[in-house]
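**Student:** kindly return the folded structure for what I paste below:
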Amino acid sequence: FFCLWMRHRLVLLALAVLLLAGSMTTAKSAGRRSGGRGSSKKLYKHAFLQPVSEWSEVKSSRALQTALQTMQTKGPQQLFAHAAACAEQKKYSEAYIGFSLFREQFPSFVEGYTNAGVVLEKMGRLDEAKQLYRYAVELFPDNNLPAMSLINVLQAEAVQAFSKGEYSRAAAMYEEILKNSPELWDAHVNLGHIYEHLREFIKAKESYRTAVNGSPRPLEALNSLNRLLLMEITGVAAGRYDVTAKQRMTAFEDLKKYCAEAITLAPDDPVANMQLASLYRESLEFDLAEQYMRRAEQGAPNDQIVLSNLANLLSRKGDIPEALKYKRKVVRLIDLPIEWFSLGTLIAPWDRLSEEGREGHHLGITRHVENMKRLSKCESWKLCWSWLEFPTAHVRVIAEPEPHLFGPEEVQSYSYHNLSIPLRFRDKQTIAVHAQNVYMESLAGVIYDDCNVLAVLGQNTNIPRDFVVEGLETRYISEPVINVIHVSLTNYYHWVAEGLSRIFLSLEQFGKQSSGPRPRLLLPTEEYAPLVWNSLRTFGILELLPEPIIYRPDGVARYHFEDLYMVDWVQLDSEDKEQNDLWSSYLPSKLALTTLRAKAQEHQRKRPPHKKYPPVVYIGRKGVRMVLDEEILTDLLTAMLGPNVYLFNVVAPMTGEEVKLTLQEQLDLFESASIIIGPHGAGLTNMVFAPPNVSVIEFPMMPHCNRCFGYMAACLDLDYWIVPEITCFYHLKYQMTSILAQRAADAVYKRLWDRGEEHLIAPDYEASMRDEL
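**Tutor:** The predicted structure is shown next:
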């Protein structure tokens, strides 16, 4: 920031000019004209423009009166030099009188104003200094000196306000700075940072963009803008509850452009390289992402953020040993809760029973809550791992878990293989919860009271970075609410399996209160979670309850609920590591899934006649775990089944458009399905809408740690199979070949014969199979 030297040194630029007696005479006469009778009223609007002899501080001090009398006898050069000497000797009252007297005699010289303002700063009279500078800015619009002086004092106050957390005040200071000097690009960047703290992300982006477009070296502005765009794309990490899918796509295109600019400007900058790597990571171009992350590592070999991002990237590439090496280095460098939790999350797709992963999750959560403890007013701040431990919650058991394990001993397959996937599960206890006088905040919907916080591993799946406990205003909700807030509301599996099932159970338990007001649903905004609102409209749920309450975790306020209701499930045998693995928190109770299926079937029975879909459904997906060269398989399935197969969530070969359906269309599609086949992904959740005799065929992962679809099939007693030859790591993609496609087609072919539905197979394909046999 330029001109910081003005904070500590007086400006004596006018001395050379003042040595010219003719100039002084002219200036003095001009000063008399400008300060004459006609303008005295205007000048007196400012106290500092009163004649120095009339100042109350002068009248009340004999020493200042003597000093004033002495100064009044001096010529202009001597007066200015005397005032400067007093300032150097820290006689600030006399210095201020001297410069003010000089300004009074020669009002057309800007240095009288600016030096008087500097002395006021030294005296701690900042408001008077700003007032004097503002007046000088108006008086001398073509001179930069008053504006620079005003900028310096505003900057100092803004920094102080920011350090105290007074972000609105700091923003106001920078806004005034930029009003006077819009070309100060660093000030635009600083203002952007402040807007981020105020959660005013649109204003922050505009501040960064202004600096990017105007500054000749906009690297810091570019890095700041790119970081904000990345937060917007990932959404959850930013705590942004108001970012739509369309906005994310726009942010992605902007990020491409600005990352390229940053790398061009500074090819070796670690931040620029890391952000470009993040861009490639989000587009699943992992090799390019690693290339730029390695460049970032070279520039910052011990930077926690760089190393953590490199570890997460290597994990998504499937290189777990290398990823663990970096993540372990990170937790040695900096003992942060989020990094411990990230260690557990990194291990989970590789080893669901890992003790190190379990310890990482546990340490991440406990230490995060311990950090919050210092902000709590309660000395016995406690972490509760379930509602059963939350002291002030009223918990009622809806259904006890089944006493025995359920599900097949081993996964079914038509191949000889060594892929062992145990599918024996223990049910969870289903409970109805009534919590009184509790708070909720953050994107994850963390619930706590004055002395207790509910662990974020129940219905939530990560440590919310925006969970802060203190420093937020409180929005009080007196009406009873039914809570379904979840960190993964935009994910199809988590919403349908965990959210929608909760709503149906909650309506049964709390929807018809015998007394008092009817509860209202607590929902996110429709812009953030359109799937949630579409689901509620599809099933007519919005018509059953009063208007919902909208939950907006904006980082400014938390919510206080007098009566909060919800349904949850608990794994009672927490010591059983086989059942309580690193993925078990994502599995609802058996009652939740069977209730969801019953409600969907009831809804479909009430529907008027509607479109009938083919009985065999292939479910594709895009992004992580997509099937590369998928058309090899889809062409084969089409040849085998003709009009009896429906290709869902795949790219149409003629138009290049993705085949998508509304929730109601998906209900119609799966209600009469005989076979559902596809890679591990959220689309398989639709088995809950299928008939009881449906066959589900999944392409597993290697290793197959997340068994959620095997669990769902076991809960619903569905016929569940895998094609063990078609596998990929959790974060990678399946690669289809002609041989693998034939293995998948064979599985469908054999299931149709075993089910007695061989008539669905095309005659030509049947004949070719007989010839081959």
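
**Student:** and the helix or strand where N152 lies, what does it pack onto?
**Tutor:** Take DSSP states H and E as the rule and N152 turns out to sit in helix 144-163. Helix 144-163 sits against helix 110-122, helix 126-139, helix 167-180, helix 185-197, with contacts defined as 3 or more Cβ pairs under 8 Å, 6 or more residues apart in numbering; DSSP states H and E. Any C-beta I mention is one placed from the backbone N, CA and C, and that applies to glycine too.

**Student:** in the last one, what's buried?
**Tutor:** Within helix 185-197, the residues that count as buried by 16 or more other Cβ atoms under 10 Å are 185, 187-196.

**Student:** now stretch 279-298
**Tutor:** 279-282, 286, 289-290, 292-293, 295-297.

**Student:** as a markdown table, those with pLDDT, secondary structure and distance to D268 would be great.
**Tutor:** Shown next, in a markdown table, are the buried residues of stretch 279-298 (pLDDT from 0 to 100; DSSP: H, G, I helix; E, B strand; the rest coil; distance: Cβ to Cβ, whole Å):
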| residue | pLDDT | secondary structure | distance to D268 |
| --- | --- | --- | --- |
| L279 | 89 | helix | 18 |
| Y280 | 90 | helix | 18 |
| R281 | 88 | helix | 20 |
| E282 | 83 | helix | 23 |
| F286 | 90 | helix | 22 |
| A289 | 94 | helix | 17 |
| E290 | 95 | helix | 17 |
| Y292 | 95 | helix | 11 |
| M293 | 95 | helix | 14 |
| R295 | 95 | helix | 7 |
| A296 | 95 | helix | 9 |
| E297 | 95 | helix | 12 |
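
**Student:** between these, which sits nearest K74?
**Tutor:** A296 (63.0 Å; Cβ to Cβ).

**Student:** just give the number of residues close to P692.
**Tutor:** P692 has 10 neighbouring residues, counting by other Cβ atoms under 10 Å.

**Student:** wait, I meant A592
**Tutor:** Neighbours of A592 (other Cβ under 10 Å): 25.

**Student:** that one: what secondary structure?
**Tutor:** helix (DSSP: H, G, I helix; E, B strand; the rest coil).

**Student:** isn't it right up against W569?
**Tutor:** Yes. Taking contacts as Cβ atoms under 8 Å, A592 lies within contact range of W569: 6.5 Å.

**Student:** what touches both of those two?
**Tutor:** Taking Cβ atoms under 8 Å, 6 or more residues apart in numbering as the criterion, A592 and W569 both touch T430.

**Student:** output the helix holding N152 as PDB - backbone C-alpha positions only.
**Tutor:** Below are the C-alpha coordinates for helix 144-163, written out as PDB (Å, rounded to 0.1, in the frame of the first residue of the first chain):
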ATOM      1  CA  ASN A 144      -3.500  13.900  -4.300                       C
ATOM      2  CA  LEU A 145      -2.100  14.900  -1.000                       C
ATOM      3  CA  PRO A 146      -5.300  15.100   1.100                       C
ATOM      4  CA  ALA A 147      -6.700  11.900  -0.500                       C
ATOM      5  CA  MET A 148      -3.500  10.100   0.300                       C
ATOM      6  CA  SER A 149      -3.600  11.300   3.900                       C
ATOM      7  CA  LEU A 150      -7.200  10.300   4.300                       C
ATOM      8  CA  ILE A 151      -6.400   6.900   2.800                       C
ATOM      9  CA  ASN A 152      -3.700   6.300   5.300                       C
ATOM     10  CA  VAL A 153      -5.800   7.000   8.300                       C
ATOM     11  CA  LEU A 154      -8.700   5.000   6.900                       C
ATOM     12  CA  GLN A 155      -6.400   2.100   6.200                       C
ATOM     13  CA  ALA A 156      -5.100   2.100   9.700                       C
ATOM     14  CA  GLU A 157      -8.600   2.100  11.200                       C
ATOM     15  CA  ALA A 158      -9.700  -0.600   8.800                       C
ATOM     16  CA  VAL A 159      -6.800  -2.900   9.800                       C
ATOM     17  CA  GLN A 160      -7.600  -2.300  13.400                       C
ATOM     18  CA  ALA A 161     -11.400  -2.900  12.900                       C
ATOM     19  CA  PHE A 162     -10.600  -6.200  11.000                       C
ATOM     20  CA  SER A 163      -8.400  -7.500  13.700                       C
END
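
**Student:** name the residues of that helix that come out as buried.
**Tutor:** 145-155, 157-158, 161-162.

**Student:** quick one, helices of the stretch 301-450 of the chain?
**Tutor:** Listed in chain order, the helices of the stretch 301-450 of the chain (DSSP state H, counting those that start in this stretch) span 304-317, 320-333, 337-347, 355-373.

**Student:** mean neighbour count, mean pLDDT and distance to P609 added to those, as CSV?
**Tutor:** As requested, the helices of the stretch 301-450 of the chain are exported to CSV (neighbours: other Cβ atoms under 10 Å; pLDDT from 0 to 100; distance: least, Cβ to Cβ, whole Å):
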stretch, mean neighbour count, mean pLDDT, distance to P609
helix 304-317, 22, 91, 46
helix 320-333, 17, 91, 52
helix 337-347, 22, 83, 47
helix 355-373, 18, 77, 50
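
**Student:** and Q604, which of these is closest to it?
**Tutor:** The closest of the helices of the stretch 301-450 of the chain to Q604 is helix 337-347. By Cβ to Cβ, the value is 37.3 Å.

**Student:** other residues contacting that closest one?
**Tutor:** 304, 308, 311-312, 315, 320, 323-324, 327-328, 330-331, 354, 356-368, 371, 462-463, 465, 582.

**Student:** ok, stretch 507-515 next?
**Tutor:** With Cβ under 8 Å, 6+ apart as the test, stretch 507-515 has contacts from 398, 432, 480, 482, 518-519, 541, 544-545, 565, 567, 595.

**Student:** list only those of those flagged as buried.
**Tutor:** 398, 432, 480, 482, 519, 541, 545, 565, 567, 595.

**Student:** most widely separated two among the residues you listed?
**Tutor:** Most distant of the buried ones among the contacts of stretch 507-515, by Cβ to Cβ, are P480 and T595, 21.6 Å apart.

**Student:** sketch out the low-pLDDT regions of the stretch 1-150 of the chain for me.
**Tutor:** Residue ranges of the stretch 1-150 of the chain with pLDDT under 70: 1-50, 53-54, 56, 58-59.

**Student:** ok, W533 touching E526?
**Tutor:** Yes. In this structure, W533 is within contact of E526 by Cβ under 8 Å, at 4.5 Å.

**Student:** out of the contacts of stretch 507-515, which one sits closest to A251?
**Tutor:** For the contacts of stretch 507-515, the nearest to A251 is I541 (31.9 Å; Cβ to Cβ).
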